Every structure is written in C-alpha cells, then in structure tokens.
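A.B. asks: Mind folding the following:
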Amino acid sequence: MNRRQLIQSLAIGIPGVLLSNKLSGFQSNHDGTKEFVEKILAGPFSPTWESLANYQTPEWFRDAKFGMWAHWGPQCQPEAGDWYAREMYMEGSWKYKYHIEKYGHPSKFGFKDVVNVWKAENWDPESLVSLYKGAGAKYFMALANHHDNLDLYKSKYQKNWNSTKVGPKKDIIGGWAAAAKKHKLPFGVSVHAAHAWSWFETSQRADKNGPMAGIPYDGKLTKADGKGKWWDGLDPQELYAQDHQLSQNSQNNGTIHKQWDWGNGVTPPTSAYINKFYNRTIDLINKYHPDMIYFDDSQLPMWPISDVGLKIAAHLYNKSIKDKGKLTAVVTGKILNETQRKAMVWDIERGQSNKIEPLPWQTDTCIGGWHYERGIYNRNGYKTAKTVIHTLIDVVSKNGNLMLNIPVRGDGTIDELERKVVEDIGIWMKANGESIYGTRPWKVFGEGPAQQKSPALSAQGFNEGKGVPFSDKDIRFVIKEKELFATVMAWPAEGSVLISSLAEGSSDYPGKISNVQLLATKKNLRFERNSQGLKVYFPADQPEASYANALKIT
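C.D. replies: The predicted structure follows:
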C-alpha cells in the first residue's frame, strides 16, 4: 500500500478484518531472562517514523481548538508547585525547606509518604468537567502519571504504586474518563513517567551540611526496609526506580534538562525499566481508550534509545482505526523534526509559534504552576481570562490549539480565584466562540506591532509572555467557509480600527465586503474601505469581555 492509498484508507476507515487482535508474549533479554511484553495491534501503522509519517490529524481536533487539562496528582498535596517530588530532595532549595517544616526530613518522610497522605477527599470529576465544558472546552485531558512514577489508574504493571492501592485509593483516570464521556468530550491522558529514572536521582542524595549530614534520603530503600511501617510489603524501588548508578553530573540540578533526550551522560535505563513503562502505557490505552495521549518527551518516550514509543503510537493509531472505523487518535511530542511532525502533533510548552504552521499543532500552558501552588493563590498570581483568550486567538490564527491546565488542590478541588478565571473565559467564549471553533488559518495570521516583536522559541517552547502586550492595533484572522473573522485584540480607544490587510485591491482579500458584524452583540457596524484599509467604527457601548473583539466579515 503506497502513501496515497494509505491516506485514502485512513480517511474512510480500515475494515476490521485487516487488524489482528491484541497479542502478548515474552521477550528475551541480553542476560537470558524473559519479560512479559504487551504486543501492539497490527494495522496500517508500523512502529517506524516513516510509517507514522502517514498520520493525518483528525478533524475533531482541528475543529475543537480549546481543551482543558487537570495536571493533578500527589505532588499537588503539599501545595508547593511543580516538580515537588524532585526538588524536596535538593538540599537548601525552598521546597526542601518547606518539606522539612511541613513533613520532616526526607530521610524519614520521603515522597512515598507524601503519596500516602494524599486522599483526594473532595474530588468531584463530573462537576469540574462540567465547569470546563461550560467555559468552552471541547476536549479534556487528565494526568495519568507524572515523573513521580505513580500511576493514577488501576495499573496492571505498576500494581502496587497506583492510586487505587495507595493514597486516595481511587481510580483517578477512570473517574475523569467517565466524566468526559458523560459530557461528550474527547478524552486525553498525559504520560510523563518515562523520565522517573533520572528525575528521581535527587532522592539518592544525603544532606551535605547540618545535623543530618551523610544520612541518606529514602531513594534507595527496599521492600525489606518497610517492616512495621505503613508501606510494609511495598517496594519503594518500584516507585523511585533508583537501583542504578547516578547519571553524570547528577549533582548539578540543571543537568536533568540536558539529559531529557537520553544523552549527555544519563545512566542508560535497563530493558526492564523500559519494558515496564511500555507495558504500563499499553495497559492504559487498552483500559481507558483515550482519544489523545500527550507525552512529556522530546519526541516519543525513550527515543532514541528504544523504539517502545514508536510501538505505543502505532498501537494507539491502529486501535483507533479498529474501534472507530477511522483514525481519530492524537499523540503529541515536543521537539520534532520535519518527519516527526508528520507522525504526530507538535506540542509547544508555554509558548506559541510565530507563523502559520503547515500542520496542526498545540500549545500547552497553565494559569499558574503545573501542580497546585498555594503561593500563587496568596499573591493572586494566576493568568487572567484576558491573557488566556489572547493566547487562544493568537494560537488559533496560526493553525494551533490551546490546552489549558487549571491546577487542582490535593483534595480534588480548585480554588475560587481559579474558578473565576474559568467562568470569565466562558463569558468570552459564549459570545465569540464562532470565531474559534471549526476555523482555519487565513492567508496571513495577523497584523500589528505584537507580531513584529515575537520572541523566539526556546527548547520545547517557553516564549509566552515575552512579547509586547496586544493592543487595538493588533488583529488576528481566521476563516470558516466563506466568512472571515478579524479579532481586534483590545477595544479601540479612538472608536475605530483600520485593518490594513483588508485594503481595497488587496491580493489577500480581492472580493467585496458587504457586511461587518461585531460578533459579541450580533450588530452590524459601519465601515469604510479604501486603499489604506478597512476602517470599522465601533459602537459606544462595550460588550462584556471586550478585551478581544471578533468581527465577522462577509
């Protein structure tokens, strides 16, 4: 089957007879031992970049534009922000000091013990997903595991360290999945656990100073050490995965970022570690049938030291075809070359592209920290709805989607400041959603001073908030069928805007303009068009959430 035939087949669906049932088997290791390994579904996709490059982004994802994410797990319990499980073991850091004050020394109360006190006692997934849908989200994603290596579902291969056995003793992913299904939202899972191997190396340390100097933290504990403790019978190494030598420069806390692609002196993970991660992820897919998987990896998990990430992607794509009759699945990765961007959706973390991308992409960001942080709440440091909506409009104009995380407290609730941000997003989306959903990029994404000073991407993203603020001189464009939407990124102080891209005789818009409507009010506006541009006169009364004003042009 050539590329054109494959693409045609994916568009119309592959008959089920071409797909085999899931198989399982044993794999021989270099040391002669055998390990059980889940097998991928057979189908049109094979676990190679060349085969996966035949992927086409499903229309539901392209139309949805806006999703919400619950990046929630045991690291939210201390309310001290992201990467808590790593940084609580970094002597002298604020999280280390916070941990000692709140819980005690990490040689006596480690992250496994944080897991134990996390109970998620007030978690109501249906209520939260309902809130997010009401705010305009068209898909929902939940954290399946983080770098802390705890599976937040009934895990066949992380059978002791998962949320149904320790901590809240609840199937977190199962609860989120049921809520998304009830509200008819595509459901995604985010998978981060590939990097626990090196990320948790801080737990192997000991203090260098003070009265506890030289006393190891709990990262090397084994099952035998648990007698008489709450974790009696459990092996902490199944969670920490630290029965290995430290990576080169492991004491340098910044080295972890340079080793994210499994290079620069990282201690190579064992085949058992790699296969366990693979089995856990295949099990997650087979149990919960996600429409989307977000991988917190440079490309796919374990690449380039292993092909298990390729196998996982091929399995999800083939399973989607088998279950749905056509390919509807989405996989995301972060630092992708041209071939890899064809094989999956490019995700930009906390940042935006500076141009219209030829293929659909996504930015993921958060109104605060990835994990809940009480300090952000105390200083009222969340992004505003205005900032979120401006990001969404800009991203959509460049062929992208926005995935927005709302940090969840350890008990399973969001605070009142976060709820207000979500509700305010919903106000704008209800009035202007027509200019977002189902749209496609126009010939140019926009005009105005903000685009002329767009900051460059750094690594996997991280350019958000570094440009100049949007003003009424900044316009963003999208199209939907025969209608053009031009969104003015502030209420014009002078009562009118001049859109130069729509000047009379413009090669981008040579046709006539018969009507300009302010989408939020559905009222037609007076306009003039000449060689300088399209001048639109705004009414005296501003609609609610007038920090971005979509004009519907026909």
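
A.B. asks: any low-confidence regions in the stretch 101-250 of the chain?
C.D. replies: Of all residues in the stretch 101-250 of the chain, none has pLDDT under 70.

A.B. asks: How are the helices of it distributed by residue range?
C.D. replies: Assigned helices in the stretch 101-250 of the chain, in chain order: 111-117, 125-134, 172-182, 196-199, 237-240 (criterion: DSSP state H, counting those that start in this stretch).

A.B. asks: deepest of those, which one?
C.D. replies: Greatest average neighbour count among these goes to helix 196-199 (a mean of 24), per mean count of other CB atoms under 10 Å. In short, each C-beta sits where N, CA and C put it, glycine included.

A.B. asks: State the distance from M88 to F109.
C.D. replies: 9 Å (CB to CB, to the nearest Å).

A.B. asks: can you put the helices of the stretch 101-250 of the chain in CSV and add distance to I356?
C.D. replies: Formatted as CSV, the helices of the stretch 101-250 of the chain follow (distance: least, CB to CB, whole Å):
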stretch, distance to I356
helix 111-117, 43
helix 125-134, 28
helix 172-182, 30
helix 196-199, 35
helix 237-240, 44
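
A.B. asks: wait, which of the ones you listed is closest to V330?
C.D. replies: Nearest of the helices of the stretch 101-250 of the chain to V330, taken as CB to CB: helix 172-182 at 14.2 Å.

A.B. asks: re the thing from before, going by how many neighbours each has, rank M88 and F109 and give me the top one.
C.D. replies: The residue with more neighbours, out of M88 and F109, is M88; 27 against 18, by other CB atoms under 10 Å.

A.B. asks: what sits against the closest residue to that one other than its chain neighbours?
C.D. replies: Excluding its sequence neighbours, the residue lying closest to M88 (CB to CB, 6 or more residues apart in numbering) is H99, at 4.2 Å. When contacts are counted by CB atoms under 8 Å, 6 or more residues apart in numbering, H99 touches 78, 80, 88, 106, 109.

A.B. asks: my guess is the fourth one contacts M90, does it?
C.D. replies: This points to P106. No: using CB atoms under 8 Å, P106 makes no contact with M90, being 9.7 Å away.

A.B. asks: Could you pull out the residues contacting both of the two?
C.D. replies: Contacts common to P106 and M90, judged by CB under 8 Å, 6+ apart, are Y96.

A.B. asks: Neighbour count for the two, which is higher?
C.D. replies: Applying other CB under 10 Å to P106 and M90 shows that P106 carries more neighbours, namely 28 against 17.

A.B. asks: what sits against that one?
C.D. replies: So P106 contacts 88-89, 96, 99-100, 203, 217-218 (CB under 8 Å, 6+ apart).

A.B. asks: please redo it, this time with the cut-off set to 10 Å
C.D. replies: Residues counted as contacts of P106 (CB atoms under 10 Å, 6 or more residues apart in numbering) are 88-91, 96, 99-100, 113-114, 202-203, 205-207, 212, 215-219.

A.B. asks: Any figure for the gap between the closest residue to I100 other than its chain neighbours and E91?
C.D. replies: Leaving out its chain neighbours, the residue that sits closest to I100 by CB to CB, 6+ apart is P106, at 7.7 Å. Noted for P106: a distance of 9 Å to E91, by CB to CB.

A.B. asks: Now the common contact residues for these two.
C.D. replies: The contact lists of P106 and E91 share 100, 202, 205-207, 212, 217, where a contact means CB under 10 Å, 6+ apart.

A.B. asks: Show me the helices in the stretch 251-400 of the chain, by range?
C.D. replies: 255-258, 271-288, 308-324, 338-343, 374-378, 385-397.

A.B. asks: I should have written the stretch 401-550 of the chain there, sorry.
C.D. replies: Under DSSP H, counting those that start in this stretch, the stretch 401-550 of the chain gives helices at 416-432, 449-452.

A.B. asks: just the CA coordinates of stretch 513-532, formatted as PDB?
C.D. replies: Only the C-alpha atoms of stretch 513-532 are listed here, as PDB (Å, rounded to 0.1, in the frame of the first residue of the first chain):
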ATOM      1  CA  ILE A 513     -17.100  43.400   1.700                       C
ATOM      2  CA  SER A 514     -20.800  43.700   2.200                       C
ATOM      3  CA  ASN A 515     -21.100  43.400   6.000                       C
ATOM      4  CA  VAL A 516     -19.100  43.700   9.200                       C
ATOM      5  CA  GLN A 517     -20.700  42.400  12.400                       C
ATOM      6  CA  LEU A 518     -19.500  42.700  16.000                       C
ATOM      7  CA  LEU A 519     -19.800  39.000  16.900                       C
ATOM      8  CA  ALA A 520     -20.400  39.500  20.600                       C
ATOM      9  CA  THR A 521     -23.500  41.600  20.000                       C
ATOM     10  CA  LYS A 522     -24.500  40.400  16.500                       C
ATOM     11  CA  LYS A 523     -24.900  44.000  15.500                       C
ATOM     12  CA  ASN A 524     -23.700  45.300  12.100                       C
ATOM     13  CA  LEU A 525     -21.000  48.000  12.200                       C
ATOM     14  CA  ARG A 526     -20.400  51.000   9.900                       C
ATOM     15  CA  PHE A 527     -17.300  50.600   7.800                       C
ATOM     16  CA  GLU A 528     -15.300  52.200   5.000                       C
ATOM     17  CA  ARG A 529     -12.900  50.600   2.700                       C
ATOM     18  CA  ASN A 530     -10.100  52.300   0.700                       C
ATOM     19  CA  SER A 531      -6.600  51.800  -0.400                       C
ATOM     20  CA  GLN A 532      -5.400  52.300   3.200                       C
END
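
A.B. asks: For that stretch, give the mean pLDDT please.
C.D. replies: For stretch 513-532, mean pLDDT rounds to 97.

A.B. asks: same deal with stretch 333-345?
C.D. replies: According to the model, stretch 333-345 has a mean pLDDT of 96.
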